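1. take a look and give me a structure for this.
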Amino acid sequence: MKKIIIVVLLILSCNPQSPESIYPEWFDKAIIVTSVDDNLNASDGSRFIQKFKDLGYILHIYNTNTTLYEFQNYLKISIDTLYHTGHGNYGDVILADENANSYNSRIRVKNTIFATCLTLSDTSWAYSMQDEAKNLMGYTKISWDLVDDKIVDEYAKAVEYGYSPSSAWYMANAVFESVNDRWIVYTRELDGEIVEYSARNENYEQFVVENYSKVMDKVYVRTGLLKRGLFTFNLSYNPFDRVINDVNFKLNIRFKGLSSLKTTNMSSSDAVNLAKKQIIKSDLLNTELWKPRVFQILKREIQDEHHTVVGYSVMFVRMYYGLPIKSNDVSDHILVLVTEEESYVVSYKWSKYLILEDYDSDKILSFEESVKSWFKESEVHLKDKNLYIKDYYVVLGLVDDSLKPSYDVVLMDGSRIIISAVDESLMIEE
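-> The predicted structure is shown next:
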């Protein structure tokens, strides 16, 4: 009898329990959060932890200086979600020692988010998803440290509302003008096939480095752009004037998710017209709206080379005194998802009070001065090495309820940042 007991004990000792068997009652609602000790602010990682703890998830691993070996092993754990924040490159996740890529990594995590630049521009990452993996989310172009925290907030909110992780990733990114044309998700459909859903700007212009001139270290501006001179802000207003929110929305935000979208042959102009009709149906009256930005929502079977259009994100931005209101946070906006079957107002923000700050017109910074001032203060927020600016517009920058003359800076890849034209403040809520 003693011999039998000894044998059993030996068998148990030679087969250590897996994480799944150690935590069987909660493993499906557990998360891993990783980052690297670099020059970026990894606060979105700790924010992700807090938001998902609030939703009933348990933190399994939190590593703030992750090596390739550790990262590879984390990706192999059958856990609900892994969130990684940090630098990326074309196809790579940059880690503490070596880079992770689709060739040296295999994913068993159910939902993986790479909050890194450019990583999922390499479509071969889809083939790293093992049978347990359901969603792989990230970006095809430059992403921004400026908005990571806010995207986490929007993603957690969408998950709380009951959206699938893939649809929540769309909802979280579609409202930020710096990333709403570059989100991507690989999702496993009910038939087991992996499908790509992603956003594209159909007017995207191919980048040609010879068209840009260096204005300071790491900052390049399209040749001739600075010759525009100083834009003037001709604002005639009562400094005590405030805009009161008198808009009553009838929202229909519960669309069925990305997997429900069907191929459409409509044009972007058709989508804008349908979006306007949806706004009227939502009782949005007497409101001044800036011309919409339109992005295609694309679908691709991973074995296919070509995408099909399955919808459009149409974002209208609010105007005040003839200028669009913009923010690096979520701007005042109405976002309409236009599909083959229906149009949905999926998101809106409408500040109740807006205060236009007084300013001395003689002290408005030129575009070049504003860019140089902003870059010195904000280089740490960049997840890419250089800044290439192809255009800019005069806007009113929004922080809290305050409006300031600002510049809407358009980068070569289509992303946008808002910088102040009157001081060195960063146009975002901290």
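
2. low pLDDT regions in the protein?
-> By pLDDT under 70, the low-scoring segments of the chain are 1-27, 201-210, 229-254, 282-287, 378-385, 424-430.

3. could you list the domains of it?
-> Domain assignment for the chain by automatic domain parsing gives 18-200, 209-430.

4. and the shortest one, how far out from the chain middle?
-> Just to be clear, that refers to domain 18-200. Centroid displacement of domain 18-200 relative to its chain, using CA atoms, centre = their mean, to the nearest Å, is 12 Å.

5. can I get the domains of the chain in CSV with mean neighbour count?
-> Heads up, the C-betas are built off the backbone N, CA and C, glycines and all. Converted to CSV, the domains of the chain look like this (neighbours: other CB atoms under 10 Å):
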stretch, mean neighbour count
domain 18-200, 20
domain 209-430, 17
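
6. what segments of the stretch 201-350 of the chain are helices?
-> Ranges of helices in the stretch 201-350 of the chain, per DSSP state H, counting those that start in this stretch, are 268-281.

7. ranges for the strands of it?
-> For the stretch 201-350 of the chain, the strands defined by DSSP state E, counting those that start in this stretch cover 212-216, 219-222, 293-301, 308-317, 319-320, 323-326, 333-338, 343-349.

8. of the ones you listed, which is nearest A158?
-> Closest to A158 of these is strand 343-349 (CB to CB; 9.6 Å).

9. what pairs with that closest one, parallel or antiparallel?
-> Its sheet considered, strand 343-349 pairs with strand 333-338 (antiparallel) by DSSP bridges.

10. what's the offset of the strand it pairs with from the middle of its chain?
-> Distance, centroid of strand 333-338 to centroid of chain: 16 Å (CA atoms, centre = their mean).

11. run the angle between that strand and strand 308-317 for me.
-> 160 degrees (axes from the mean of the first three to the mean of the last three CA atoms, to 10 degrees).

12. which residues touch strand 333-338?
-> For strand 333-338, contacts defined as CB atoms under 8 Å, 6 or more residues apart in numbering pick out 174-175, 255, 266, 271, 274-275, 278-279, 284, 289, 297, 311-318, 343-349.

13. returning to that earlier point: make CSV out of the strands of the stretch 201-350 of the chain and add distance to V399.
-> Below are the strands of the stretch 201-350 of the chain laid out as CSV (distance: least, CB to CB, whole Å):
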stretch, distance to V399
strand 212-216, 25
strand 219-222, 23
strand 293-301, 21
strand 308-317, 16
strand 319-320, 14
strand 323-326, 11
strand 333-338, 16
strand 343-349, 14
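
14. and the ones you listed: which comes nearest T140?
-> When the strands of the stretch 201-350 of the chain are compared by CB to CB, strand 293-301 sits nearest T140, at 10.8 Å.

15. check the offset of the closest one from the chain's centre.
-> That offset, for strand 293-301, works out to 15 Å (CA atoms, centre = their mean).

16. before we move on, what about stretch 405-417?
-> The chain centre lies 15 Å from the centre of stretch 405-417; the measure is CA atoms, centre = their mean.

17. go on, stretch 215-226?
-> In terms of CA atoms, centre = their mean, the centre of stretch 215-226 is set 26 Å apart from its chain centre.

18. okay, how far is it across that stretch, tip to tip?
-> End-to-end span of stretch 215-226 (CA to CA, to the nearest Å): 10 Å.

19. stretch 200-220 too?
-> Stretch 200-220 has an end-to-end distance of 24 Å (CA to CA).

20. how about the strands of the stretch 201-350 of the chain, which one is nearest N104?
-> Once the strands of the stretch 201-350 of the chain are compared by CB to CB, strand 293-301 is nearest, at 24.2 Å.

21. extract the C-alpha set from the closest one and format it as PDB.
-> Extracted in PDB, the C-alpha atoms of strand 293-301 (Å, rounded to 0.1, in the frame of the first residue of the first chain):
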ATOM      1  CA  ARG A 293     -14.100  62.300 -42.600                       C
ATOM      2  CA  VAL A 294     -14.900  59.000 -44.200                       C
ATOM      3  CA  PHE A 295     -13.200  55.700 -43.700                       C
ATOM      4  CA  GLN A 296     -13.800  52.400 -45.300                       C
ATOM      5  CA  ILE A 297     -14.300  49.300 -43.200                       C
ATOM      6  CA  LEU A 298     -12.700  46.400 -45.100                       C
ATOM      7  CA  LYS A 299     -12.900  42.700 -44.800                       C
ATOM      8  CA  ARG A 300     -10.500  40.100 -46.100                       C
ATOM      9  CA  GLU A 301     -10.300  36.300 -45.800                       C
END
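
22. show me what that strand is packed up against.
-> strand 194-200, helix 268-281, strand 308-317 (3 or more CB pairs under 8 Å, 6 or more residues apart in numbering; DSSP states H and E).

23. so that strand versus strand 194-200, what angle?
-> Going by the same axes, to 10 degrees, strand 293-301 makes 160 degrees with strand 194-200.

24. which residues are in contact with strand 293-301?
-> By CB under 8 Å, 6+ apart, the surrounding residues in contact with strand 293-301 are 170, 174, 177, 180-181, 193, 195-202, 258, 261, 263, 268, 271-272, 306-315, 317, 337.
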